[in-house]
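# Generate coordinates for the sequence data below:
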Amino acid sequence: MELRDRKLYRSTHKTFEEYCRVRPWRWRSHRFGHNRRQSYLLMDAAVIFDNLEQKCDRNDHILPTNEWQVRPLSKLEPDIQPEAWKQAVESANGKVPSHRIVKDAVQRILACGA
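Prediction:
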């Protein structure tokens, strides 16, 4: 996010998208080893992770270990994400929940709000 927000990519590329662009012959970015879409998914996950880190109970403090685990939380408002994460951790018996468990928790919350 810092590279994008502070425009640090400009020393070598005109745009952030160009900086992250997939090289057709490698199907990967030369800089990060992933494509533009994955760069944005990781940035979104970082925002969600920071939200969880700030708002989740410090006693439990079980946090995600990868982007795939938090991706379903992006469907929720930031103030609801910690509750969904807490439910997912409980469903995973106090361990870091899988993507599927988080997705199920998010779906339950969305179903209740509908």
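
# Now do the SS call for residue 90.
helix (DSSP: H, G, I helix; E, B strand; the rest coil).

# distance of residue 99 from residue 9?
As judged by C-beta to C-beta, to the nearest Å, residue 99 and residue 9 stand 30 Å apart. C-beta: built from backbone N, CA, C; applies to glycine.

# brain fart, residue 16
For residue 16, the distance to residue 9 - C-beta to C-beta - is 5 Å.

# Residue 111 now?
In this view, residue 111 and residue 9 are 41 Å apart by C-beta to C-beta.

# Residue 77 now?
Separation of residue 77 from residue 9 (C-beta to C-beta): 30 Å.

# tell me, how many neighbours does residue 2 end up with?
8 (other C-beta atoms under 10 Å).

# Which strand or helix spans the nearest residue to residue 12 once chain neighbours are set aside?
Leaving aside its sequence neighbours, residue 12 sits nearest to residue 19 (C-beta to C-beta, 6 or more residues apart in numbering; 7.1 Å). Assessed by DSSP states H and E, residue 19 sits inside helix 16-20.

# pLDDT (mean, whole number) over that helix?
Averaged across helix 16-20, pLDDT comes to 73.

# Please state the offset of it from the chain centre?
19 Å (C-alpha atoms, centre = their mean, to the nearest Å).

# For the residue nearest to the spatial centre of the chain, pull up the helix or strand it's in.
Nearest to the geometric centre of the chain sits residue 45, at 1.6 Å (C-alpha atoms, centre = their mean). Counting by DSSP H and E, the element that carries residue 45 is helix 36-55.

# Give me the helices and strands touching that helix, please.
Here helix 36-55 touches helix 16-20, helix 67-70, helix 81-91, going by 3 or more C-beta pairs under 8 Å, 6 or more residues apart in numbering; DSSP states H and E.
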